[in-house]
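>>> Sequence and predicted structure are below.
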Amino acid sequence: MAAETIVEPPPSTLSGVARVLVNAGKLNAKTAEELNKTARERKSSFVAAVVGGGAMKADELAHTLSTSLALPLVDLSAVDMQKLPRNLVDPKIANQYQLIVLGKRGNRLFIGAADPTDQEAVERIKFATQLTPEWVIVEYDKLVRELEQQGATANEVLESLATADFDFDVTEEDATATEGSEVTAEVEDAPVVRFLQKMLIDAINLRASDLHFEPYEYNYRVRFRIDGELREITQPPLAIKDKLASRIKVISRMDIAEKRVPQDGRMKLKFGTKAIDFRVSTLPTLFGEKVVIRILDSSSAKLGIEALGYEKIEKDRLMTAIQRPYGMVLVTGPTGSGKTVSLYTCLNILNQPGVNIATVEDPAEINLPGINQVNVNDKAGLNFAIALKAFLRQDPDIIMVGEIRDLETADIAIKAAQTGHLVMSTLHTNDAPTTLTRLMNMGVAPFNIAASVLLITAQRLARRLCENCKKPADYPRESLLKAGFQAEDLDGNWKPYRAVGCSACNNGYKGRVGLYQVMPITEPIQKIILGEGTALDIARQAQVEGVRDLRQSGLVKVRTGVTTLEEVITVTNE
């Protein structure tokens, strides 16, 4: 009969995993002591010393602990990491104690770890989550690999994303507002601050109009709208979503404690030698607050009317209308079609020391010195109509109304246009002729429309071809005719261009250009309005008078090589 193997009891100095392994006969006491000493010297865990020193393989160690401690064993390579719950345990704690959250049921939190004997980790997690941790054994090498893949902490990933040098300062008034707020250490988290600044700088350099910070269940993404198209820029760690939203809300003077309702704010930041305004909007979504930041670059309003893309005849019609002493000029188009920039460009032309200009907007997007700008404040009872009535007592020459939304605003604006003021405003209609019927449908009397409206310009924005890489394209003659070209347009020595794409542009496009339908209200059109004619009747008369519709305006841009046929068809496909 073979003699039984006698396992010497572990010395009392050994505890935790070391004691379990000696009791299981996997290590002798002397080796365990040496590994313990190595771990202390390297300030690492005993498990790391065992696997790193080659005393045991990670899978053998995991099986031994599972058997000895009667704990479940999970193979991390068989787990879909994207579906694991996030943010239940602070990433710093998870990295410090080398553990991963596998699930939650009721008040129990299932924690995957290679060392389930760490009582300090248990107490930290209990305190931080108010949940009871339940250990699950995982293999040490797979755990370390997963923690590294996730990025040990969100901060390390942010540091790598925001390594560029920049000169970006909060203006004094925003700095004061930040100091006066209840700012936690979380809001002032340096990597988050640097990451936000880096994103804003990148957006400005890429000529983006908007930044979208979007939290989802398993990821967090940042997208920029560049030349009218949304592009995904990066996916920072999901753990930063609350810190980033709080940081943005602080410098935008929003309530950082309120996360249940949408909020609007503004911030003004120095970028190099100039200050740029940003309009900020937050929206509570299923998985956190989505933040959209719009870049309001006042220089776009000072580019001059030539830079907007008006053809000569369109520009002349517009300039004639805005130089009139009284009447109404309307700019129409969907959201994001450049109406605000067109209006501001006209105001900039008219902004002279001898002219009193007042605007009411929701909100004022671009600050123009010399113009009295008023923000709508519905909570305080200041709407477009009330502001307009106040303007008429302020001896104005030119009035700009951000948008005509109802009959009351339309009536006051038209009366102002009839009593010696030039009124400029916007409507959300598809083209110029339908704007007139929209006013009638609102309840404005046809004779008031005919007597006050001078000109309507409808517009869209199309992406401009990159001059570096555009190439001639061969389209079948039938396709060009179907798109709207006339047979005589195709006779001549010209070719349309197509987008190619290079390092200097965005898929073959760089910047945007306006497509315009500029329709003066002539005497024949006034007669149609007075006879309560339809938008089709007005459109037919406008064509007779040589007014290009939006598609025809786009085809002119195709002929001159400014944009592509595909882009014009997409933008004017109505």
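The structure has been received and is ready for your questions. Numbering: from 1, shown residues only.
>>> outside of stretch 382-400, which residues touch it?
The contact list for stretch 382-400 (CB atoms under 8 Å, 6 or more residues apart in numbering) reads 343, 347, 350, 355-362, 372, 374-376, 401-406, 408-409, 412-413, 416, 419, 421-425. All C-beta spots, glycine's among them, are computed from the backbone N, C-alpha and C.
>>> Which of the helices and strands in the chain ranks last by mean pLDDT?
Lowest on mean pLDDT, DSSP states H and E among the helices and strands of the chain sits helix 172-180, with a mean of 43.
>>> Sketch out the low-pLDDT regions of the stretch 251-400 of the chain for me.
For the stretch 251-400 of the chain, the stretches flagged by pLDDT under 70 are 271-273, 298-303.
>>> For it, which segments count as helices?
With DSSP state H, counting those that start in this stretch as the criterion, the stretch 251-400 of the chain has helices at 312-322, 339-350, 384-391.
>>> buried stuff in the host helix or strand of Ser68?
Assessed by DSSP states H and E, Ser68 sits inside helix 58-69. Residues Ala58, Leu61, Ala62, Thr64, Leu65, Ser66 are the ones in helix 58-69 that count as buried (16 or more other CB atoms under 10 Å).
>>> in terms of contact, does the first one touch Thr64 like I think?
The reference is to Ala58. No. Using CB atoms under 8 Å as the test, Ala58 is too far from Thr64 to be in contact (10.9 Å).
>>> any idea which residue sits dead centre in this protein?
What sits nearest the mean C-alpha location of the chain, by CA atoms, centre = their mean, is His212, with 1.7 Å.
>>> Quick check: it is in a helix.
No. Assignment of His212 by DSSP: H, G, I helix; E, B strand; the rest coil gives strand, placing it outside any helix.
>>> correct me, but it touches Arg231?
No. Using CB under 8 Å, His212 is not in contact with Arg231; the gap is 10.1 Å.
>>> C-terminal to the helix holding Ser68, what's the next element?
Of the helices and strands lying after helix 58-69 in sequence (DSSP H and E), the nearest is helix 91-96.
>>> who does that following helix touch, helix- and strand-wise?
If contacts are counted by 3 or more CB pairs under 8 Å, 6 or more residues apart in numbering; DSSP states H and E, helix 91-96 sits against helix 119-129, helix 140-150.
>>> relative to helix 58-69, how tilted is the last one?
Just to be clear, that refers to helix 140-150. With axes from the mean of the first three to the mean of the last three CA atoms, to 10 degrees as the basis, helix 140-150 and helix 58-69 are set at 110 degrees to each other.
>>> again with the first one
Taking the same axes, to 10 degrees, helix 119-129 and helix 58-69 form an angle of 80 degrees between their directions.
>>> Next, the buried residues of the next helix or strand after helix 119-129.
Reading on from helix 119-129 to the C-terminus, the next helix or strand found by DSSP H and E is strand 132-137. Neighbour-count burial for strand 132-137, counted by 16+ other CB under 10 Å, picks out Pro133, Glu134, Trp135, Val136, Ile137.
>>> helices or strands next to strand 132-137 in the packing?
helix 58-69, strand 108-113, helix 119-129.
>>> Would you reformat those as a markdown table and include distance to Arg42?
Output for these, formatted as a markdown table (distance: least, CB to CB, whole Å):
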| stretch | distance to Arg42 |
| --- | --- |
| helix 58-69 | 17 |
| strand 108-113 | 19 |
| helix 119-129 | 18 |
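>>> and of these, who's closest to Ala542?
helix 119-129 (67.0 Å; CB to CB).
>>> Which positions in that closest one come out as buried?
Of the residues in helix 119-129, Ala121, Val122, Arg124, Ile125, Thr129 count as buried by neighbour count, 16+ other CB under 10 Å.
>>> again with stretch 562-574
Buried positions in stretch 562-574, judged by neighbour count with 16+ other CB under 10 Å: Val562, Thr563, Thr564, Leu565, Glu566, Glu567, Val568, Ile569, Val571, Thr572.
>>> Need the mean per-residue confidence for the helix holding Ser68.
For helix 58-69, mean pLDDT is 86.
>>> helices or strands up against it?
When contacts are defined as 3+ CB pairs under 8 Å, 6+ apart, helix 58-69 sits against helix 16-23, helix 46-52, strand 132-137, helix 140-150.
>>> which one of the buried residues of helix 119-129 sits closest to Gly106?
Comparing those against Gly106 with CB to CB places Thr129 closest, at 12.6 Å.
>>> what's the distance between that closest one and Ala121?
Distance, Thr129 to Ala121, by CB to CB, to the nearest Å: 12 Å.
>>> which residues do the two both contact?
Listed as contacting both Thr129 and Ala121 by CB under 8 Å, 6+ apart is no residue at all.
>>> Am I right that Met267 is in contact with Met254?
No. The criterion here is CB under 8 Å, and Met267 misses it with Met254 at 9.8 Å.
>>> Find residues that contact each of those two.
Common neighbours of Met267 and Met254 (criterion: CB under 8 Å, 6+ apart): Val280.
>>> Just the buried residues from the contacts of stretch 382-400, in PyMOL please.
Selection command for PyMOL covering only the buried members of these, criterion 16+ other CB under 10 Å:
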select buried, resi 343+347+350+357+358+359+360+361+362+374+376+401+402+403+404+405+408+409+412+413+416+421+422+423+424+425
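>>> What about the contacts of stretch 382-400, which are in strands?
Those of the contacts of stretch 382-400 mapping onto strands are 357-361, 372, 374-375, 401, 422-425, per DSSP state E.
>>> Mind putting those into a markdown table with distance to Met519?
Below are the ones in strands among the contacts of stretch 382-400 laid out as a markdown table (distance: CB to CB, whole Å):
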| residue | distance to Met519 |
| --- | --- |
| Ile357 | 24 |
| Ala358 | 26 |
| Thr359 | 24 |
| Val360 | 25 |
| Glu361 | 24 |
| Asn372 | 30 |
| Val374 | 29 |
| Asn375 | 31 |
| Val401 | 20 |
| Leu422 | 18 |
| Val423 | 17 |
| Met424 | 15 |
| Ser425 | 15 |
